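Participant: Take this sequence and fold it.
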Amino acid sequence: MQNQASRPLAWRFADLLDINDIQQLQDAFAEAHQVAAVIIDLDGAPITRISQSRLLAKQAHGDTVVLPPHGAAAVDHGERAWTGAATIGVDGVKLAQWRVSRAPNMAPESFDRICGFLEQAAELVSHQARMQADLNEERAARVIAEADRDRLEQHIRLAGGMEAVGRLAGGVAHDFGNLLTAIIAYAEQLTLRLDDPEDPREPAVRILAAADRAADLVRRLLEVSRHRQGQIGAVDLPALVSETATLLEHTLPANVRVTHQVLGDVRSIEGDGSCLHAALLNLGINGGHAMTRGGDLVFTIRERDFDDGPHVEVKVRDTGEGMDNETRRRIFDPFFTTRAEGHGTGLGLTQARSCIEGHGGVIEVDSEVGRGTVFTITLPVSRSDQRSRRAAG
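Facilitator: Predicted coordinates:
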C-alpha cells in the first residue's frame, strides 16, 4: 500500500466509491438511528440525497453548519441543523464529510453514541475508498507499464530493422560502387567535349554531380554497415536544399512542381552533408510518389530560436493524398511501405530519421487524408557559427 506522499491528490469521491451503494448505507444508518444524514464534498455541495429529511423540517430555519475539527465526530448540542459529522478520506486526503442532525427531543448522550457510530461508519467507507484507490493505481501502473513495453518492443523492432539495413548495405554497396565508377568515367568523358565543362545546366555535368552524390551515398551505406560515422563538417543547408530541389525537378514526373524558398538568413549546421542530402532526397521522393495526379512539392527553410538555442528548420510539404493515423504512426518503421510490391523498399524514411536524429535533430510528420503531408526537420546551428554571430554582435 502506498503512503500519503506518493498517493495522487486528485482522487474524487465518485472515482473511489459507488454513490448508489453509499446512498443505501447512509439511508440505513439514518433510519436505524433516527437522524437526518447527508454526505457533502469539500465545496459543500451534496454528494448524496438527504436521508430522513423530514427530521430537518422540525429544526430551526436559517441555522449555520459547524465543521468539526480534524474530521472527528464532533457534537454540537445547540439548535443548528447539522450537529454531528465525520470525514471520509484516503491517507489524510479529505474526500467528503458525512453529516447528521440530532432529532428533536433526542437526549445528548444518545446523540453522542450515534456520532461514535457515525465515525466508525465513516472509517469503514474511508477504508473502502483506500482499497479502491490502491486498485486504481495498480491499474494505472499496468497501463503505463504496457505502454512502456510497447515502446520498448517498437525500439527493438527498429533496432533489428536498422541492423538488417546495415547487412543489406554491406551486401550491395560494393556492386553499386562498381557501376558508379563506370557512370562517372563516361560522364567525365562527356564533359570534356563541352565548351564549358563546369556549366551546371549541361546534362552531362548534372549526371556527373548526381553520380558523385551517389558515390557519397555508397560510402554512407558502407558506414552504416560498419557502424562508422561519415565526414563531419559545416553544411550549408540552403545550398543543400537548392541542390536537392534541382535534382528532384529533373527526376520526378513533370506534373509535380518542385520549388524551394529560404526565409531570411540561415546559418550553417555541423554534420554529414551526404547523409543530409540523402535524407532530403528521400523525403522529396516520398512526397513526389504521394502525388499520383501531380501537385506541389515545396521545400521551406528558415532559422528559429528554441530554448536550447538556434536551429535550422526545413519543411518538406506535398499536396498529395496524405496519410491516415495508422500509416503516420508506422511511417518511419524499417521496410514499411504503402507502395505496390517492387516499387519501394520501405527504407528511405527510416534512413532519413536515423540521419536527422544522428545529427541531434528532430523530424516530425503532420498529415491528414486528402490534405497532403508536411515533414518538419529541425537541426541545431553549428556551435562555431553561433560563436561567430555572438562575436559579430
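Participant: Helices of the chain, start to end?
Facilitator: Secondary structure of the chain (DSSP state H): helices at 13-16, 19-33, 108-192, 203-226, 237-251, 273-290, 325-330, 348-358, 383-392.
Participant: Compare the mean pLDDT across the ones you listed and name the weakest.
Facilitator: For the helices of the chain, the weakest mean pLDDT is recorded on helix 383-392, namely a mean of 56.
Participant: Other residues contacting the lengthiest strand in the chain?
Facilitator: Determined from DSSP state E, the single longest strand within the chain is strand 295-306. With CB atoms under 8 Å, 6 or more residues apart in numbering as the test, strand 295-306 has contacts from 237-238, 241, 244-245, 248, 252, 255-267, 280, 284, 287-288, 291, 310-320, 372, 378, 381. All C-beta spots, glycine's among them, are computed from the backbone N, C-alpha and C.
Participant: Now with 6 Å, please.
Facilitator: Strand 295-306 is contacted from outside by 237-238, 241, 245, 256-264, 266, 287-288, 310-320, using CB atoms under 6 Å, 6 or more residues apart in numbering.
Participant: Please produce CSV containing the helices of the chain, extended by mean neighbour count and distance to Q52.
Facilitator: Conversion of those to CSV gives the following (neighbours: other CB atoms under 10 Å; distance: least, CB to CB, whole Å):
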stretch, mean neighbour count, distance to Q52
helix 13-16, 17, 21
helix 19-33, 16, 4
helix 108-192, 14, 12
helix 203-226, 18, 78
helix 237-251, 19, 77
helix 273-290, 23, 70
helix 325-330, 13, 54
helix 348-358, 21, 67
helix 383-392, 11, 75
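Participant: Distance to D91 added to those helices, as JSON lines?
Facilitator: Below are those laid out as JSON lines (distance: least, CB to CB, whole Å):
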{"stretch": "helix 13-16", "distance to D91": "12"}
{"stretch": "helix 19-33", "distance to D91": "19"}
{"stretch": "helix 108-192", "distance to D91": "7"}
{"stretch": "helix 203-226", "distance to D91": "54"}
{"stretch": "helix 237-251", "distance to D91": "55"}
{"stretch": "helix 273-290", "distance to D91": "52"}
{"stretch": "helix 325-330", "distance to D91": "39"}
{"stretch": "helix 348-358", "distance to D91": "43"}
{"stretch": "helix 383-392", "distance to D91": "50"}
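Participant: nearest to T337, of these?
Facilitator: helix 348-358 (8.7 Å; CB to CB).
Participant: pull the CA atoms of the closest one into PDB?
Facilitator: Taking Å, rounded to 0.1, in the frame of the first residue of the first chain, the C-alpha atoms of helix 348-358 are listed here in PDB:
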ATOM      1  CA  GLY A 348      14.000   5.700 -47.300                       C
ATOM      2  CA  LEU A 349      12.200   7.400 -44.400                       C
ATOM      3  CA  THR A 350      13.900   5.100 -41.900                       C
ATOM      4  CA  GLN A 351      17.300   6.300 -43.200                       C
ATOM      5  CA  ALA A 352      16.100   9.900 -43.100                       C
ATOM      6  CA  ARG A 353      15.100   9.700 -39.400                       C
ATOM      7  CA  SER A 354      18.300   7.900 -38.500                       C
ATOM      8  CA  CYS A 355      20.300  10.600 -40.200                       C
ATOM      9  CA  ILE A 356      18.400  13.600 -38.600                       C
ATOM     10  CA  GLU A 357      18.500  12.100 -35.100                       C
ATOM     11  CA  GLY A 358      22.100  11.300 -35.500                       C
END
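Participant: Right, I'll call it a day here.
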